[in-house]
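Asks: sequence and predicted structure are below.
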Amino acid sequence: MLDQILACLPEVVAVLLYAIGFMLLLLHKNLIKKIIGLNIMDTSMYLFLASMGYIQGNIAPILTEGATVADYINPIPSGLVLTGIVVSVSTTALMLALVIRLYRAYHTLNLDEIYIEIQRGRR
């Protein structure tokens, strides 16, 4: 059993990180903590994609003499990870900008307090 877990260690770590991020997203009322949870979930997906695309003993997909197609790792997961990182950074920047606007309007980062203020009709 332990050998199987160690053989799939990156995938196990990715699932644990995803669970941690998901729990942060669900259980905390602070908007900054929710953003951190979402970033942890993003990072776990990048780890999972990178671990799925890596093949032990193969080389990066750069043409060299004497290498066949079977000697290279798959470049698509790496491209997806890089694209995901760019999207994640942009999304995080947008969310933080919106959190700043919410804080200036409501003077709190607690989601429950913001809902109460919205229901009172205060902007």
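Replies: Sure, I can see it.

Asks: show me where the protein has its helices.
Replies: Per DSSP state H, the chain carries helices over the ranges 2-7, 9-27, 31-53, 76-106, 111-120.

Asks: report the contact partners of the most centrally placed residue in the chain.
Replies: In the chain, the residue lying closest to the centroid (C-alpha atoms, centre = their mean) is residue 42, at 0.8 Å. By C-beta atoms under 8 Å, 6 or more residues apart in numbering, residue 42 lies in contact with 21, 84, 88. C-beta here means a position set from N, CA and C on the backbone, and glycine is covered the same way.

Asks: what's the lowest-pLDDT member of those?
Replies: The pLDDT minimum for the contacts of residue 42 sits at residue 84, where the score is 93.

Asks: would you confirm that that one contacts residue 43?
Replies: No - between residue 84 and residue 43 there is no contact under C-beta atoms under 8 Å: 9.6 Å.

Asks: phi and psi next, for the residue located most distally from the centre of the chain.
Replies: Within the chain, the residue lying farthest from the chain centre (C-alpha atoms, centre = their mean) is residue 66, at 37.7 Å. Note on residue 66: its backbone torsions stand at phi 90, psi -10 [degrees, to the nearest 10].

Asks: any idea of the mean pLDDT in stretch 111-119?
Replies: In the prediction, stretch 111-119 has an average pLDDT of 93.

Asks: what lies in contact with it?
Replies: Residues from elsewhere that reach stretch 111-119 (C-beta under 8 Å, 6+ apart): 29-31, 34, 102, 106, 108.

Asks: for stretch 85-93, same thing?
Replies: Residues from elsewhere that reach stretch 85-93 (C-beta under 8 Å, 6+ apart): 35, 38-39, 42, 46.

Asks: got TSV for those, with pLDDT too?
Replies: Putting the contacts of stretch 85-93 into TSV (pLDDT from 0 to 100) gives the following:
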residue	pLDDT
35	97
38	96
39	97
42	95
46	94
